[in-house]
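Participant: below are the sequence and a predicted model for it; my questions follow.
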Amino acid sequence: MKPLPERLIHPRDEIMQTMERIYQYRMTTTSGGNISIREANSDIWITPARVDKGGLRRDDIVCIHANGQVEGRHQPSSEFLFHQAVYEARPELRAVVHAHPVALVASSLCRQAPDTRLLHQARYVCGEVGIAKYALPGSPALAAEISQTFRRGFSCVILENHGVVVGGEDLSQAFQRFETLEFTGKTIIKARMLGPIRYLTDAEIELPRSAAKPLPPFVRPAATSEEKELRRQLVEFVRRGYRQRLLISTEGSFSARLADGSFLITPCRVDRHTVDIDDLVLVHDGAAEEGKRPSRASHNHAAIYRRHPTIRAIVNAYTVNATAFSVTGTPLDSRTIPESYVFLRHVGRLPFGPQFTDSEMVAARVSPERPSLIMENDGVLVCGDSVLNAFDRLEVLEATAEAIINTRHLGAITPMEDAVVAELERVFLS
């Protein structure tokens, strides 16, 4: 594996910013969770004990030096022992995240690790998930249980009746594993309300990487005002999508087409929370701008743009509720409320595989008249005639999926009648 780039941000700031992100998205509570970073000299920086996680400041972060000396205004987290034990068990790890996100707490209560074979990206990011037996929080016994599980090669570990611990080669990787695992856990819970869940085989998990075809590079010309404006719009909506949990840090591709037929697309392996205008990749005539790596979805987006000239923006996303449909055989019927049908029409379905091997098949499954597609075990794809239109459709698709799942708790779904659908088509879609 390629070494991770050096992090130049101070450990205090990196820990503070990551905990702020975890707390903001309700993946821990005011009193719950802790984060640490181990430096090359074996100093460990860690969140403090009994300090509000929603108001953490950089000078709250505590440093435990390699000689045992404690530096800081507070005592270190009461869970410091297991952080230290994880680093001893796995010397290559440089960061640990522990928190109590609700889906993973649910897994810890029934003592079942989420199966990351649900999604190829989850398996790639998180690997297989281990389970550590319960022991008293902060105790040497808990530290021993957790470190033994990490020693067996797991980087994500469910703690019985407690939560989750995740390690990474840096804090960015640890956070991405943590967030991706929580997303996987949420999706499994929602999918079980719909029906039997389909998990991927080893060959299917490997397919996205074995079938990958990198685009050749080209030297990008000076950006036009049109391109600059489109970069601004894409970044705005990618960040909004992340804030609204329509995208996660490790997954989601958004592109928009320029007048000359080229298009801008989100990069591969760049955190969707921090993506900026300079990160976006220009793709022109089958080549990507030099020095950048575009999303793996670039081939599919290019094929869709070639086939459908009026489509101007495309988004791939892993949204919890719509992805729950993608991992089950349950169809998503958009005949729920007028907005859903008008925006989504008939939602298509693509079996797992063609999105990596047959872009033309993907392009044939969508159109301006059928702009939404469930991709088996790979989230959703939505098209629009603008960035705003594509994003709006994504929001409607996720809201529709959530409403249908919620209806399972209330009673049988009554879709709109054929006459109602025909009227909507006549008034809004003709």
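Facilitator: That came through, no problem. What you see is a predicted model, and the numbers here were worked out from it, not measured in a lab.
Participant: distance of L397 from G32?
Facilitator: For L397, the distance to G32 equals 32 Å [Cβ to Cβ, to the nearest Å]. C-beta here means a position set from N, CA and C on the backbone, and glycine is covered the same way.
Participant: and the two? which has more neighbours close in?
Facilitator: Neighbour tally, L397 and G32, criterion other Cβ atoms under 10 Å: the higher count belongs to L397, 30 against 16.
Participant: pretty sure the more buried one is touching C383, no?
Facilitator: No. Assessed by Cβ atoms under 8 Å, L397 is found out of contact with C383, at 11.3 Å.
Participant: mutual contacts of these two, please.
Facilitator: S372 (Cβ atoms under 8 Å, 6 or more residues apart in numbering).
Participant: mind listing the strands for the stretch 201-350 of the chain?
Facilitator: Taking DSSP state E, counting those that start in this stretch, the strands of the stretch 201-350 of the chain run over residues 217-218, 253-257, 263-265, 281-284, 287-289, 313-317, 348-350.
Participant: got the domain boundaries for the protein?
Facilitator: Structural domains annotated on the chain: 11-192, 222-429, as defined by automatic domain parsing.
Participant: which one of those lies nearest to D202?
Facilitator: The closest of the domains of the chain to D202 is domain 11-192. By Cβ to Cβ, the value is 8.6 Å.
Participant: who does V70 bridge with?
Facilitator: Using DSSP bridges, the bridge partners assigned to V70 are I64.
Participant: that one touches I64, doesn't it?
Facilitator: Yes. Using Cβ under 8 Å, V70 is in contact with I64, at 5.6 Å.
Participant: shared neighbours of the two, anything?
Facilitator: P76.
Participant: so those two - more neighbours on which side?
Facilitator: More crowded of V70 and I64, by other Cβ under 10 Å: I64, with 21 against 13.
Participant: check the gap between the more buried one and E145 for me.
Facilitator: Counting by Cβ to Cβ, the gap from I64 to E145 is 21 Å.
Participant: over to H98?
Facilitator: Remark: distance between H98 and E145 (Cβ to Cβ) = 13 Å.
Participant: neighbour-wise, which of those two wins?
Facilitator: Counted by other Cβ under 10 Å, H98 and E145 do not tie: H98 has more neighbours, with 28 against 21.
Participant: quick check: bridge partners of that one?
Facilitator: N34, V165.
Participant: show me what contacts it?
Facilitator: G33, N34, I35, E79, F82, H83, G163, V164, V165, V166.
Participant: which of those count as buried?
Facilitator: Buried members of the contacts of H98, counted by 16 or more other Cβ atoms under 10 Å: G33, N34, I35, E79, F82, H83, G163, V164, V165, V166.
Participant: can I get these in TSV with pLDDT and distance to S340?
Facilitator: Shown next, in TSV, are the buried ones among the contacts of H98 (pLDDT from 0 to 100; distance: Cβ to Cβ, whole Å):
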residue	pLDDT	distance to S340
G33	90	37
N34	95	42
I35	97	40
E79	95	45
F82	97	46
H83	98	46
G163	94	36
V164	97	35
V165	98	40
V166	98	36
